[in-house]
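> just need the structure, nothing else, for what follows:
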Amino acid sequence: MRLFRLIFLAVSVLTLSCKLYSQNMKDAIIKLVGDPALKNGNVSFTILDQKSGDLIATHNPNMSLIPASSLKLLTCAYGLKQLGKDFRFKTVLEITGKVDAKGILQGDLILHGYGDPTLGSEMTVGSMSLDRVLDEFADAVTAAGIHAINGKVYGDGSFFSKEGICDSWQWNDIGNYYGAGVYGLNIYDNLYKLKFKQSRQNSAPSINSFYPAIPDLNFTSQVISAGPNSGDNAYIYGGPLQNNCRVKGTIPSGTGFFEIKGSLPDPTAAAAWLLAQKLKSRNIQVQSSSGSLKDPLPEGKRTILKTHFSQPLDQIVNQTLLKSINLNAEAILRYCGAVSQANPTLDNAMKNYVSFLEQESDAQSGFYLADGSGLSKFNSIPSLGFAKVLYKFFKDETLSGALLNSLPVAGISGTLKNFLTNSPAKGKIKAKTGSMERVRSYSGIITGSSQKNYVFTLIINNYSCSSSQIKSKAENFLESMYKLL
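Model prediction:
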């Protein structure tokens with residue numbers, strides 16, 4: 001049976017163009033896919049010559065598998081192609097009504113978002129901090145001669161439709177910061193920080209505080225203290241517009257404080273509340289409460305006080321790929337949808353995205369996608385289609401620099417910092433990684449031992465070994481590819 005399986009695997013491997021190393025490449029692929037940990041798993045692998053686009057080797061090239069976060073590479077490339085590397089998101093501070101002779105705004109103050117995921121961000125290095133952003137908007141109010149607001153402070157997130165999250169995201173993801181939804185108005189990475197007072201092992205630590213201290217956000221904790229080196233194994237269960245959250249799992253025991261991060265249930269309302277608090281700290285009176293604007297007024301009935309711009313898109317892409325920031329990828333996807341259709345639904349944005357990928361891959365099929373970040377397990381994509389799109393993007397001089405400079409480098413940076421650290425392939429592979437339960441993927445470019453460049457995609461699903469073991473197997477395989485190329 002073992003011999004039969006090896007023969008079957010060898011036949012299933014299609015190797016083209018690599019004349020000198022064809023058999024050695026087949027052997028390397030057979031070794032990976034024949035591993036006992038992949039007895040019930042699947043592998044899709046494709047490698048192309050970066051210069052010519054010639055197919056070098058494949059295994060199951062048309063099998064659509066879950067890519068996880070490596071999908072962000074295609075999403076960021078999509079954004080760069082559609083919007084340009086110099087594109088900047090904007091957020092606009094507006095008023096309705098007039099400012100009277102006493103400096104009272106007889107109307108409302110509106111913070112109008114246009115999808116910027118980095119407004120007040122801590123995760124995207126180079127972005128203006130939350131406090132500085134709020135100061136900038138408060139300065140604009142002061143400059144307009146406004147001393148009091150006889151109305152409300154509103155957040156307007158109507159530039160995107162209201163879904164926020166993808167329906168197929170997992171319940172134990174969406175309450176945590178990495179599962180935060182994306183809206184027309186986003187703030188502070190759409191997260192909050194929940195601080196626990198640590199306690200002895202096997203006892204229940206108490207919640208100390210949370211920041212930003214958004215009103216009406218409530219927590220029920222079932223968290224237990226584990227060993228002192230156990231790490232963060234706590235999960236927040238909540239969702240969009242749900243202010244009552246449940247926290248389960250474990251945090252390390254100790255005598256200090258331990259912080260976890262959750263997703264804001266209503267970032268648009270949170271942004272308005274934060275701005276109102278900043279204005280009050282400046283002794284600018286706000287007569288009414290703040291919140292999300294339900295029925296936006298026409299643009300012509302508003303006056304702009306201030307427009308805030310994000311960093312250029314290529315800098316946002318850099319941070320998104322190096323740190324695998326889900327919120328940024330989703331915002332890029334949704335903005336691209338909004339370019340061709342006002343207030344697009346997530347479904348409409350996804351249809352445009354999939355059509356784009358099919359076109360850029362020379363009419364490959366099998367792009368079954370639910371989001372832009374790779375967080376959904378409903379995503380699946382074939383390695384051949386993935387690699388063909390990458391090949392085209394890396395050939396495009398307007399895209400290649402921004403993408404290649406943003407990819408983690410094996411043994412050096414980002415999510416590949418601890419990958420191939422003691423290998424001759426260290427520094428020779430630039431790739432976006434993807435990982436979730438029973439999913440591991442790598443997509444990018446290999447500079448082979450011949451110094452030639454090759455585009456590749458490797459997706460592994462349903463392995464039976466541990467995360468560290470599948471990482472080691474992928475390292476061995478990609479190192480062998482480096483040596484053979």
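> report pLDDT for residue 457.
pLDDT for residue 457: 98.
> what about the chain, any weak spots by pLDDT?
1-21, 295-300, 342-343 (pLDDT under 70).
> how is it carved up into domains?
Using automatic domain parsing, the domain parsing of the chain gives 2-84+315-484, 90-309.
> same list, those domains, but as CSV with mean neighbour count please.
Where C-beta positions appear, they are placed from N, C-alpha and C, glycine not excepted. Shown next, in CSV, are these (neighbours: other Cβ atoms under 10 Å):
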stretch, mean neighbour count
domain 2-84+315-484, 20
domain 90-309, 18
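> mind jotting down where the helices sit in this protein?
For the chain, the helices defined by DSSP state H occupy 2-12, 22-33, 71-83, 130-143, 171-174, 267-281, 313-323, 326-340, 346-360, 383-395, 397-404, 467-484.
> give me the contacts around the third one.
Same thing as helix 71-83. Helix 71-83 is contacted by residues 87, 313-314, 317, 320-321, 324, 326, 329, 332-333, 335-336, 339, 353, 356-357, 369, 371-374, 379, 381, 386, 389-390, 393, 396, 398-399, 402-403, 406-407, 432, 434, 443-444 when judged by Cβ atoms under 8 Å, 6 or more residues apart in numbering.
> mind doing that once more with 6 Å?
For helix 71-83, the external contacting residues (Cβ atoms under 6 Å, 6 or more residues apart in numbering) are 313, 317, 320, 329, 332-333, 336, 356, 372-374, 389, 393, 399, 402-403, 432, 443.
> tell me what the closest residue to residue 460 other than its chain neighbours is bridged to.
Distances taken as Cβ to Cβ, 6 or more residues apart in numbering put residue 440 closest to residue 460, at 4.7 Å, once the chain neighbours are dropped. For residue 440, the beta-bridge partners under DSSP bridges are residue 435, residue 460.
> surely residue 148 and residue 285 touch.
Yes. Taking Cβ atoms under 6 Å as the definition, residue 148 is a contact partner of residue 285 at 3.9 Å.
> what sits against residue 250?
Per Cβ under 6 Å, 6+ apart, neighbours of residue 250: 224, 226, 230, 233.
> dump these into a markdown table; add distance to residue 257 as well.
Formatted as a markdown table, these follow (distance: Cβ to Cβ, whole Å):
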| residue | distance to residue 257 |
| --- | --- |
| 224 | 16 |
| 226 | 16 |
| 230 | 16 |
| 233 | 17 |
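> just the ones of those in strands?
224, 226, 233 (DSSP state E).
> quickly list what the first one is bridged to.
In this structure, residue 224 bridges to residue 250 when assessed by DSSP bridges.
> try the last one
Bridge pairing for residue 233 (DSSP bridges) gives the partners residue 250.
> dump the ones in strands among the contacts of residue 250 to a markdown table, plus distance to residue 415.
A markdown table is the format used below for these (distance: Cβ to Cβ, whole Å):
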| residue | distance to residue 415 |
| --- | --- |
| 224 | 30 |
| 226 | 26 |
| 233 | 20 |
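> distance of residue 213 from residue 194?
Residue 213 sits 11 Å away from residue 194 when distances are taken as Cβ to Cβ, to the nearest Å.
> again, but for residue 237
Per Cβ to Cβ, residue 237 is found 12 Å from residue 194.
> just give the nearest non-adjacent residue to residue 198, would you?
residue 254 (3.9 Å).
> so what's residue 360 up against?
Per Cβ under 6 Å, 6+ apart, neighbours of residue 360: 389, 392.
> go again with 8 Å.
388-389, 392-393.
> dump those residues to JSON lines, plus distance to residue 71.
Listed next are the contacts of residue 360 as JSON lines, based on distance: Cβ to Cβ, whole Å:
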{"residue": "388", "distance to residue 71": "15"}
{"residue": "389", "distance to residue 71": "11"}
{"residue": "392", "distance to residue 71": "16"}
{"residue": "393", "distance to residue 71": "14"}
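> of those, which is the nearest to residue 281?
Closest approach between the contacts of residue 360 and residue 281, by Cβ to Cβ: residue 393, at 46.1 Å.
> what about that closest one, distance to residue 432?
Counting by Cβ to Cβ - residue 393 and residue 432 are separated by 12 Å.
> same question, residue 109
According to Cβ to Cβ, residue 109 and residue 432 sit 40 Å apart.
> once you drop chain neighbours, what's closest to the residue nearest to the spatial centre of the chain?
The C-alpha lying nearest the average C-alpha coordinate of the chain belongs to residue 326 (Cα atoms, centre = their mean; 1.6 Å). Residue nearest to residue 326 in three dimensions, not counting chain neighbours: residue 373, with 3.9 Å by Cβ to Cβ, 6+ apart.
> and the one you found, what does it touch?
Contacts of residue 373 (Cβ under 8 Å, 6+ apart): 69, 71-72, 75, 326-327, 329-330.
> how close does the closest residue to residue 341 other than its chain neighbours get to residue 160?
If the residues on either side of it in the chain are set aside, residue 341 comes closest to residue 348, at 6.0 Å by Cβ to Cβ, 6+ apart. Distance, residue 348 to residue 160, by Cβ to Cβ: 11 Å.
> that older thread, what's the overlap in contacts for residue 237 and residue 194?
residue 247.
> how far away is residue 71 from residue 385?
12 Å.
> and what of residue 203?
52 Å.
> chain center to stretch 265-273, what's the gap?
Here stretch 265-273 is found 20 Å from its chain centre; the criterion is Cα atoms, centre = their mean, to the nearest Å.
> picking that back up, got phi/psi on the residue nearest to residue 326?
Residue 373 has phi and psi values of phi -100, psi -20 when expressed as degrees, to the nearest 10.
> how close does it sit to residue 176?
Counting by Cβ to Cβ, the gap from residue 373 to residue 176 is 13 Å.
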